[in-house]
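Student: build me a model:
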Amino acid sequence: MAAYAALLSLKYIIEQIQLHPRPPISLDQNQVDSLTDSLNFLQDFLEVYSCGGGSSSREAADVLESRIADAAHAAEDIIETRIVDQIHGEKISSEELYQGLEKVIQDMGFIKKDVMEIKKKNIGIIEDRLHINSSTLGGSSSSPLTTKQIAVVGLDDQLIEVMDKLTGEPSNRRIIPIVGMGGIGKTTLARNAYVKFMKHFDIRAWATVSQNYNVREILVEILLCISKDESRESLSGKSEGELGERVHKSLYGRRYLIVLDDIWSVDVWDKVQLFFPDNGQGSRVMITTRLSNIVLQLIGSHGLVMDLLDDDKSWDLLCGNIFGKEEDCPVELEEIGKKIAKNCKGLPLSIVVIGGLLAKSKPTRENWEYISENLNSIVNLEDNERCLKVLLLSYHHLPVHLKPCFLYMGVFPEDSNIRVSGLVKLWVSEGFLKPISGKSLEVVSREYLEDLFDRNLILVHKRRLSGGIKFCKIHDLVRELCLREAEKEKFLYVRRPQDLNIPQGIINTQRRISIHQSTTQKEYLLVAPHALQSVPLARSLFFKFKGVLPLLDHCRLLRVLRTTDTCVTTDTYENSYKENTHCMYTPEDVLEDVFQLVNSRFLAVEDFRDENPCRFPSSVYILWNLQTLIVKNIAGFVVAPTEIWKMTQLRHVHFFGGLEMPDPPLGGQDGEFVLGNLQTLSRIRNFKCGEEVVKRIPNITKESEGYVSSYYCLKNLGRLGKLESLDCSFDSLNKPNRNDMLQNFIIPNSIKKLTLLGTYLKWEDMKTKIGWLPNLEVLKLGQDSFVGGEWETVEGHFCNLRYLRYVFWSGMVDDRQLPLPTP
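Tutor: Predicted coordinates for the structure are as follows:
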């Protein structure tokens, strides 16, 4: 909820100022103590109590939470405005800061009194009926995602029907539509059929369409499925016609299966079907849709209609999600459990979500009756509203620490495949995670995410080679819930593609703003930049428009800026600039002006300068609290200034075109040039891994380095005891000396993922350098990483290896997924 997030955010700001080696401002200690006391009191209250009863109690709770959020936000505004003014040299008296905070402290005192009265009288707010244990806040879930089996029932008959259509007559291309309401399992059925027929079809490809479809993106997704050699980067410069021609050529003369998931218009089929050849090979195109009229237009009949589950199958599905395959439902809960399953009206999504909710509560009749009583008032609503009400119940009974994380999922566009590592960085930067002693905020964030996975509110899209989750996504209905609740609580404002304008009276009071790309670039250029000229309270801004960055003069308090999903050329950018010179940056100004956002914690932007190398603006040093810096440099690598070693809050640094890190300054006080929070350094060029450097990045866990010669002190890598992922490559023009490598290349035992390129070691060196690493799970050997005759493996080596990739001199790739190690 917004109130809880606001409390944690304010605590985080105060803590950052108190602990920073060079804080931009100082706060009165008595005020800090008073604020902290109030914040802890209100935080404890929100963690222990939640809304129950009727609509009047919900309204009372909303008013109270709004007061809490407003007070915390007021303190944030006062403190962060003072920081901006101080760093930019504006003269503001300390008395204004003091008096402003005094008023907030007074307001919080009034709120505390009202809360104590509520606790005493128990009016409108009751203890959480689901008995969610507050002692588990931030902890990992009881059933790890990696071992939990997702129950899937009720699809057997439909799957047999789909199998017959896929493998039977006729031999010409055939469309197989699967139709049904949202959440009924259309995609699950299609996915099961898709997996079952891996060998029957020469080629299989899957593309998600959605309401705001993009023909070019559909063709790219199909090509990525068809060929492992393709990448988004290699296809980015191709036109829609070129992509379609490549699809047609790849499919011609082959038996193929294409799945088009979530079609909302027959127009999309009209635009892509000409690229799917009908060559008499028994090819099939399977589509899923919620709209029956589309199926009638496509094939003249109703297609495969998915019905709601009957009571028995609903109960089986509910039990599977609560207890898994190994346990049975307690006898005393069967009657009420079957009632809950029946009241879900056979919708698998509703059953799965409620099952996740029940799995997290104590298995008592009282708790299950509470769920049943609430369901009875909402499941009879029609269409998607019914499911939203069920999802809303699940949201209300999330532990309060998970609610901000769940609502945050609304910032991503529909059908997004969300990179988990990026999501974790965003959550940390937002400041609404509750710290847990002995755990980094990144670890806490991943535990929160695992909990949301287990509750079936967030779905796994793709796993890493090591088994971890790489991409996640949320169902459309779940996302709709996120947006409704987030906007109602003023936690997040999302401008959707179909919105014709951005209401100025609404957006200028928002603290988090996500603007999803319009169907046309012209529409955005006319609307979005002007709207963003007056968002003085904005702390987070998300957009991804081609070559467009609105002026940020009026976003002085921004903490999170994410624009890197765009991939544009300088020409495109400059054309946009010429048309909108009153509200856009020139390419040369982008980084310089972005680095004036002094409260930034997360910056993901593009650098459009046509220089190689580019000089990094030294003004980056004024970003006193920057944690994540991601730059897509268009032209080439960037040279960082020495001031980067003073940025003690840095946690993750990634430059797509490469970054040259300077040597740390000599001298200085103890800890002055130590990046103790730094965990990730990606695409670093010529990084001199000397003893002094290693001492200043003691907690690095992931490093991607490009060495150009062999005399750097590689042996110091062994001193990075927390390093888990290392990507090390050598320039082909500077072939390393093998003796130097054997003597100096020391890999720490902590390594889990290792990627090598151009190291020119011999296969016999594998025994001494890599084979014995006890934690190695993923090994990628690029071209010329190892040379010579045969690789003779040694028994007992690579005891935890799960994935091996080797690129031969010819460019051929050998991928091997290895069986899990025996415990």
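Student: mind checking how far E606 is from L720?
Tutor: Taking CB to CB, to the nearest Å as the measure, E606 falls 30 Å from L720. Using the backbone N, CA and C atoms, a C-beta is placed for each residue, glycine as well.
Student: pretty sure V605 contacts L561?
Tutor: Yes. Using CB atoms under 8 Å as the test, V605 is close enough to L561 to be in contact (6.5 Å).
Student: between those two, what contacts are shared?
Tutor: Residues touching both V605 and L561 (CB atoms under 8 Å, 6 or more residues apart in numbering) are V594.
Student: more neighbours: which of the two?
Tutor: Between V605 and L561, counted using other CB atoms under 10 Å, L561 has the larger neighbour count: 23 against 20.
Student: that's a helix at that one, yeah?
Tutor: No. Secondary structure of L561 (DSSP: H, G, I helix; E, B strand; the rest coil): strand, not part of a helix.
Student: what residues are up against it?
Tutor: S540, L541, L552, V594, L597, S600, F602, L603, A604, V605.
Student: next secondary structure element downstream of whatever helix or strand the last one lives in?
Tutor: Mapping V605 onto the secondary structure by DSSP states H and E places it in strand 602-607. Sequence-wise, the next helix or strand beyond strand 602-607 is strand 614-615, with elements assigned using DSSP H and E.
Student: okay, buried residues for the lengthiest helix in the chain please.
Tutor: Longest helix in the chain, counting residues (DSSP state H): helix 55-87. Residues of helix 55-87 classed as buried by neighbour count (16 or more other CB atoms under 10 Å): 60-61, 64-65, 67-87.
Student: next: stretch 28-44.
Tutor: Here stretch 28-44 shows Q31, V32, S34, L35, S38, L39, F41, L42, Q43 as buried, counting by 16+ other CB under 10 Å.
Student: likewise stretch 300-316?
Tutor: By neighbour count, with 16+ other CB under 10 Å as the criterion, the buried positions of stretch 300-316 are G303, L304, M306, L308, L309, K313, S314, W315, D316.
Student: over to stretch 262-269?
Tutor: Neighbour-count burial for stretch 262-269 [16+ other CB under 10 Å]: D262, I263, V266, V268, W269.
Student: which single one of those is nearest to A5?
Tutor: Checking the buried residues of stretch 262-269 against A5 with CB to CB, the nearest one is D262 at 31.1 Å.
Student: you'd agree that closest one is in a helix?
Tutor: No. Per three-state DSSP, D262 lies outside any helix segment and is strand.
Student: tell me the spacing between it and L166.
Tutor: 19 Å.
Student: now intersect the buried residues of stretch 300-316 with the strands, please.
Tutor: L304 (DSSP state E).
Student: which residues are contacting stretch 762-770?
Tutor: Counting by CB under 8 Å, 6+ apart, 738, 741-742, 745, 747, 754, 761, 776, 779, 786-792, 794, 797 sit against stretch 762-770.
Student: try it again at 7 Å.
Tutor: Outside of stretch 762-770, the residues within contact range by CB atoms under 7 Å, 6 or more residues apart in numbering are 738, 742, 745, 747, 754, 761, 786-791, 794.
Student: ok, H516 to E366 distance?
Tutor: Distance from H516 to E366, by CB to CB: 43 Å.
Student: who has more neighbours, these two?
Tutor: H516 (21 against 12).
Student: find the nearest non-adjacent residue to that one, please.
Tutor: Of all residues not flanking H516 in the chain, P413 sits nearest, at 4.7 Å (CB to CB, 6 or more residues apart in numbering).
Student: now the longest helix of the chain: mean pLDDT?
Tutor: The average pLDDT within helix 55-87 is 87.
Student: what segments of the stretch 501-650 of the chain are strands?
Tutor: 512-515, 540-543, 560-562, 602-607, 614-615, 628-633, 638-639 (DSSP state E, counting those that start in this stretch).
Student: state the mean pLDDT of the fifth one.
Tutor: The average pLDDT within strand 614-615 is 76.
Student: same check, this time on the first one
Tutor: For strand 512-515, mean pLDDT is 88.
Student: again, but for stretch 217-226
Tutor: pLDDT averaged over stretch 217-226 gives 92.
Student: can I get that stretch in PDB, CA atoms only?
Tutor: Extracted in PDB, the C-alpha atoms of stretch 217-226 (Å, rounded to 0.1, in the frame of the first residue of the first chain):
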ATOM      1  CA  GLU A 217       7.500  -7.600 -33.000                       C
ATOM      2  CA  ILE A 218       5.400 -10.700 -33.900                       C
ATOM      3  CA  LEU A 219       7.800 -11.500 -36.800                       C
ATOM      4  CA  VAL A 220      10.800 -10.900 -34.600                       C
ATOM      5  CA  GLU A 221       9.500 -13.300 -31.900                       C
ATOM      6  CA  ILE A 222       8.900 -16.000 -34.500                       C
ATOM      7  CA  LEU A 223      12.400 -15.600 -36.000                       C
ATOM      8  CA  LEU A 224      13.900 -15.800 -32.500                       C
ATOM      9  CA  CYS A 225      12.100 -19.100 -32.000                       C
ATOM     10  CA  ILE A 226      13.100 -20.400 -35.400                       C
END
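Student: list the buried residues for that stretch?
Tutor: So for stretch 217-226, counting by 16+ other CB under 10 Å, buried means E217, I218, L219, V220, E221, I222, L223, L224, C225, I226.
Student: just stretch 229-238 next, same as before
Tutor: Quick answer for stretch 229-238 (16+ other CB under 10 Å): E230, L235, K238.
Student: do the same with stretch 759-773
Tutor: T759, Y760, L761, D765, M766, K769, I770, G771, W772, L773.
Student: with just CA atoms, put that stretch into CSV.
Tutor: C-alpha atoms of stretch 759-773 as CSV (Å, rounded to 0.1, in the frame of the first residue of the first chain):
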residue,chain,number,x,y,z
THR,A,759,42.2,-16.6,-23.3
TYR,A,760,44.2,-19.1,-25.4
LEU,A,761,44.6,-21.6,-22.5
LYS,A,762,45.3,-25.3,-23.4
TRP,A,763,42.8,-28.0,-22.6
GLU,A,764,45.1,-29.5,-20.0
ASP,A,765,44.9,-26.2,-18.1
MET,A,766,41.3,-26.9,-17.5
LYS,A,767,42.3,-29.2,-14.7
THR,A,768,44.3,-26.6,-12.8
LYS,A,769,42.3,-23.5,-13.5
ILE,A,770,38.6,-24.3,-13.7
GLY,A,771,37.7,-28.0,-13.1
TRP,A,772,38.1,-27.8,-9.4
LEU,A,773,35.9,-24.8,-8.8
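Student: so how far is it from its chain's centroid?
Tutor: 36 Å (CA atoms, centre = their mean, to the nearest Å).
Student: what pLDDT, on average, does that stretch get?
Tutor: Mean pLDDT, stretch 759-773: 88.
Student: same deal with stretch 184-203?
Tutor: Per-residue scores along stretch 184-203 average to 86.
Student: may I see the buried residues of it?
Tutor: 184-194, 197, 201, 203.
Student: now, which of the residues you listed sits nearest I294?
Tutor: K186 (12.6 Å).
Student: distance check, A205 against L398.
Tutor: In terms of CB to CB, A205 sits 37 Å off from L398.
Student: I meant M198, not that one.
Tutor: 38 Å.
Student: roughly how far does the most centrally placed residue in the chain sit from E430?
Tutor: Residue closest to the average C-alpha location in the chain (CA atoms, centre = their mean): L423, at 3.0 Å. Relative to E430, L423 is positioned 11 Å away (CB to CB).
Student: apart from its chain neighbours, what residue comes closest to R556?
Tutor: V84 (5.1 Å).
Student: quick one: low-confidence parts of the stretch 651-800 of the chain?
Tutor: Residues of the stretch 651-800 of the chain meeting the criterion pLDDT under 70: 667-671, 705-713, 732-733.
Student: okay, strands next: where are they in it?
Tutor: Taking DSSP E, counting those that start in this stretch as the criterion, the stretch 651-800 of the chain carries its strands at 652-660, 680-685, 702-707, 725-730, 753-757, 761-762, 778-781, 786-787.
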